[in-house]
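Trainee: Here is the input, now give the coordinates:
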Amino acid sequence: MASINPGRMTHRWDGELVVFHIGMTINKWWRPDQWMPLMSDMPKMLRELSTDPDSGLLGFTMLLGARGPYLVQYWSSLDKLYTYASAPTQEHRPAWTRFNKRARTVPGAVGIWHETHVVERAETIYVATPPMGLPRATETVPIASRHDRARARVADGRTGAATPAGAAD
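Mentor: Numbers count the residues shown, from 1 in each chain. Down below sits the predicted model:
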């Protein structure tokens with residue numbers, strides 16, 4: 001079990017930040033032949049990305065919605081996300097081709113969706129939680145006294161409102 005961070009924490013990250021939501025909607029629960037293959041494709045992609053430090057994937061969180069699973073992913077650049085999505089030798093392209101082939105045989109059984117957000121600024125606060133979300137994907141740091149309020153953390157944007165390493169608070 002992950003240890004709980006004491007006190008009030010935030011994230012620190014300098015550079016481009018992309019938040020990518022991707023999920024599936026299971027529209028015909030009685031057709032596991034259509035949705036189970038998707039459920040097995042995503043772990044392969046996540047394993048591939050997580051073992052490649054140059055992939056650009058910083059971290060992810062798996063969630064379960066009313067219509068099916070979805071992921072929140074954190075990426076270091078939009079270019080790296082697009083490069084992975086279109087690479088024919090990596091897991092995503094073949095999985096996408098298989099999905100499209102299955103979708104033509106039973107239209108509407110499973111839906112796929114995604115949202116891509118290029119983040120200019122981000123504010124986070126985590127109180128007495130294990131590492132999770134954006135701080136887990138980037139760096140978890142204590143909230144400095146001058147960043148006690150959300151407004152101050154948002155104003156500092158990319159650094160996650162934490163005092164940069166070595167700087168005075």
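
Trainee: S86 is in contact with R93, isn't it?
Mentor: Yes. Taking CB atoms under 8 Å as the definition, S86 is a contact partner of R93 at 6.8 Å. All C-beta spots, glycine's among them, are computed from the backbone N, C-alpha and C.

Trainee: higher neighbour count, those two?
Mentor: Neighbours were counted for S86 and for R93 using other CB atoms under 10 Å; R93 has more, 14 against 11.

Trainee: is it true that P69 lies in a strand?
Mentor: Yes. Counting by DSSP: H, G, I helix; E, B strand; the rest coil, P69 is part of a strand.

Trainee: what sits opposite it in the beta ladder?
Mentor: L64 (DSSP bridges).

Trainee: Show me what the longest helix seen in the chain is packed against.
Mentor: Counting by DSSP state H, the longest helix found in the chain is helix 32-50. Under the contact definition 3 or more CB pairs under 8 Å, 6 or more residues apart in numbering; DSSP states H and E, helix 32-50 sits against strand 18-26, strand 57-65, strand 68-75, helix 92-105, strand 110-118.

Trainee: List the buried residues for it?
Mentor: 34-35, 38, 41-42, 45-46, 49 (16 or more other CB atoms under 10 Å).

Trainee: give me the number of residues near the residue nearest to G65 when sequence neighbours are not counted?
Mentor: Of all residues not flanking G65 in the chain, G23 sits nearest, at 6.7 Å (CB to CB, 6 or more residues apart in numbering). Here the count is done by other CB under 10 Å, and G23 has 20 residues near it.

Trainee: rewinding a little: mind checking which of the helices and strands packed on helix 32-50 is nearest G133?
Mentor: Among the helices and strands packed on helix 32-50, the nearest to G133 by CB to CB is strand 57-65 (6.4 Å).

Trainee: Sketch out the low-pLDDT regions of the chain for me.
Mentor: The chain contains residues with pLDDT under 70 at 1, 157-169.

Trainee: This completes my enquiry, with thanks.
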